[in-house]
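Enquirer: Let's see this in three dimensions:
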Amino acid sequence: MPATICIAPSAGALYPIETYVVVQQVDDLEPGIYHFNVSDFELDLLQTGDHSDEIVPAFLNQHFLGAAPLVFVWTAVYRRNMAKYGDRGLRYIFLDAGHICQNLLLAAAATGYGACPVAAFFDSDLNSLLEVDGEEETSIYAASVGEV
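Expert: Numbering: from 1, shown residues only. Have a look, this model is predicted:
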């Protein structure tokens, strides 16, 4: 059997989670909103510019998110799991997001940075910022990454 690397487990290998990164202060990376393109293993720039003025109110005025160099936002494409697992698929979606966030926390710690998971946000504001519809794809979790 060929060896495979599993970065994060996903129920039924359906991978319903999409990763967006709000880049605010990173050397050699233009500020903006990026989407992680899994098939090409790269970040696709969706919107340029500093979005800290939109981030803070979207996250219930938690100002540390506006100052963080990176804010990861995970969205769920519900249909990927629900089509196979029905209502139980919702449980798997949130487990997947937790696994991914935990990996980010471990990677941040291993490289000398800190990370803070955040689930307190206004769904519609964050969805609007990411330009996702909030129905087929919606924001479910986030984490800031920065200096400890």
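Enquirer: which residues does Tyr85 contact?
Expert: By Cβ atoms under 8 Å, 6 or more residues apart in numbering, the residues touching Tyr85 are Ala11, Gly12, Tyr92. For every residue, glycine as well, the C-beta is placed using N, CA and C.
Enquirer: Can you read off the pLDDT for it?
Expert: Tyr85 is assigned a pLDDT of 96 by the prediction.
Enquirer: Give me the phi and psi for it.
Expert: In terms of degrees, to the nearest 10, the main-chain angles of Tyr85 are phi -110, psi 0.
Enquirer: Mind checking which of the contacts of Tyr85 are in helices?
Expert: Tyr92 (DSSP state H).
Enquirer: Give me the ChimeraX select line for the contacts of Tyr85, limited to the buried ones.
Expert: With 16 or more other Cβ atoms under 10 Å as the criterion, this ChimeraX line picks the buried residues out of those:
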select :11,92
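Enquirer: Pipe the contacts of Tyr85 into a markdown table and attach distance to Ala58 and pLDDT per row.
Expert: A markdown table is the format used below for the contacts of Tyr85 (distance: Cβ to Cβ, whole Å; pLDDT from 0 to 100):
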| residue | distance to Ala58 | pLDDT |
| --- | --- | --- |
| Ala11 | 28 | 90 |
| Gly12 | 31 | 90 |
| Tyr92 | 26 | 96 |
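Enquirer: which strands and helices sit next to the helix or strand where Cys101 lies?
Expert: For Cys101, the element it lies in under DSSP states H and E is helix 88-110. Packing partners of helix 88-110 (3 or more Cβ pairs under 8 Å, 6 or more residues apart in numbering; DSSP states H and E): strand 17-23, strand 70-77, helix 78-85, strand 113-118, strand 137-147.
Enquirer: so how far is that helix off the chain centroid?
Expert: 10 Å (Cα atoms, centre = their mean, to the nearest Å).
Enquirer: Quick check: mean pLDDT of stretch 110-119?
Expert: 97.
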